[in-house]
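Enquirer: Predicted structure and sequence below. I'll ask about it afterward.
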Amino acid sequence: MSEQFNLILTGPPGSGKGTQAKRLVEKLGIPQISTGDILREAVASGSEIGKRAKAIMERGDLVPDEVVIEIVRQRLTRPDCKKGFVLDGFPRTAPQAAALDGILRDQGREPARVLALIVADDELRRRILSRGEGRADDNEAAVAKRLAVYKRDTEPVLTHYAKSVQRIDGVGSMDEITARIERALGARA
Ligand code: AMP
């Protein structure tokens, strides 16, 4: 089988992973799978999952693992994922990472490659609070919560992938960061 790009782009809120994931989509012709986007759509449509997730998301907490794991399991079976995917915002906990390993194994796929954007806290806070689009969870309290949750629940994901994670300096222009990501992918492609 030809090479798959099974990618995880991880990083704290405000690290630019959503933007960079979109660029990888254009470059590699694989879909971006953002659990945040999928959950926001669920909230907007008023589905059962959306009703469960709304208040949790607004206060900056994590939606339960089993909910997002099931979303990703189903999404990865869609035909557009055949050549690979960029996961953006998943896995966000060590149990989600372990579940993803199992899903990829069950689906006969190669293990995911993990790219982690590294940005210091002060810079993150500044970036998120100056963001224009006004997400429901971009207020000061929710941002502080999301950063704390990242440290507590999501940094262990980097430990889970300690052997393979590629760390990328997330400070610089978008183009510089894209170039760093491409170099990291090229280095092991
Ligand atoms: P994001 O757009 O990735 O910043 O996600 C927005 C919000 O959706 C997060 O603050 C969480 O409440 C929820 N969310 C997104 N992805 C996950 C995930 N993998 N696990 C749990 N909650 C998630």
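Expert: Thanks, I have the structure now.
Enquirer: contacts, neighbours, all on C-alpha from now
Expert: OK.
Enquirer: where does this protein dip in pLDDT?
Expert: Where the chain drops to pLDDT under 70, the residues are 1-2, 132-133, 188-189.
Enquirer: swap the cut-off to 50 and go again
Expert: 1 (pLDDT under 50).
Enquirer: what about the strands in it?
Expert: For the chain, the strands defined by DSSP state E cover 5-10, 32-34, 84-88, 113-118, 166-169.
Enquirer: Which strands or helices does the shortest one pack on?
Expert: Identification of packing neighbours for strand 32-34 by 3 or more CA pairs under 8 Å, 6 or more residues apart in numbering; DSSP states H and E yields helix 17-28, strand 84-88.
Enquirer: what about the shortest one and the ligand, touching?
Expert: Pointing back at strand 84-88 there. No - applying CA under 6 Å from any ligand atom, one finds strand 84-88 out of contact with the ligand, separated by at least 6.7 Å.
Enquirer: what's the angle between that strand and helix 17-28?
Expert: Computed with axes from the mean of the first three to the mean of the last three CA atoms, to 10 degrees, the direction of strand 84-88 lies at 170 degrees from that of helix 17-28.
Enquirer: Each with direction, which strands does strand 84-88 pair with?
Expert: Partners of strand 84-88 in the sheet, by DSSP bridges, are strand 5-10 (parallel), strand 32-34 (parallel).
Enquirer: buried set for the first one?
Expert: So the one you mean is strand 5-10. Residues of strand 5-10 classed as buried by neighbour count (16 or more other CA atoms under 10 Å): Phe5, Asn6, Leu7, Ile8, Leu9, Thr10.
Enquirer: biggest helix in this structure by residues?
Expert: Assignment by DSSP state H gives helix 174-188 as the longest helix of the chain.
Enquirer: CA atoms only: put that helix into CSV for me.
Expert: The C-alpha coordinates for helix 174-188 follow below in CSV (Å, rounded to 0.1, in the frame of the first residue of the first chain):
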residue,chain,number,x,y,z
MET,A,174,2.6,31.1,9.8
ASP,A,175,4.9,30.5,6.8
GLU,A,176,7.9,29.8,9.0
ILE,A,177,6.0,27.3,11.1
THR,A,178,4.6,25.6,8.0
ALA,A,179,8.1,25.3,6.7
ARG,A,180,9.2,23.7,10.0
ILE,A,181,6.4,21.2,9.8
GLU,A,182,7.2,20.3,6.3
ARG,A,183,10.9,19.8,7.2
ALA,A,184,9.9,17.6,10.1
LEU,A,185,7.6,15.5,7.8
GLY,A,186,10.3,15.3,5.1
ALA,A,187,12.9,14.3,7.6
ARG,A,188,11.1,11.0,8.3
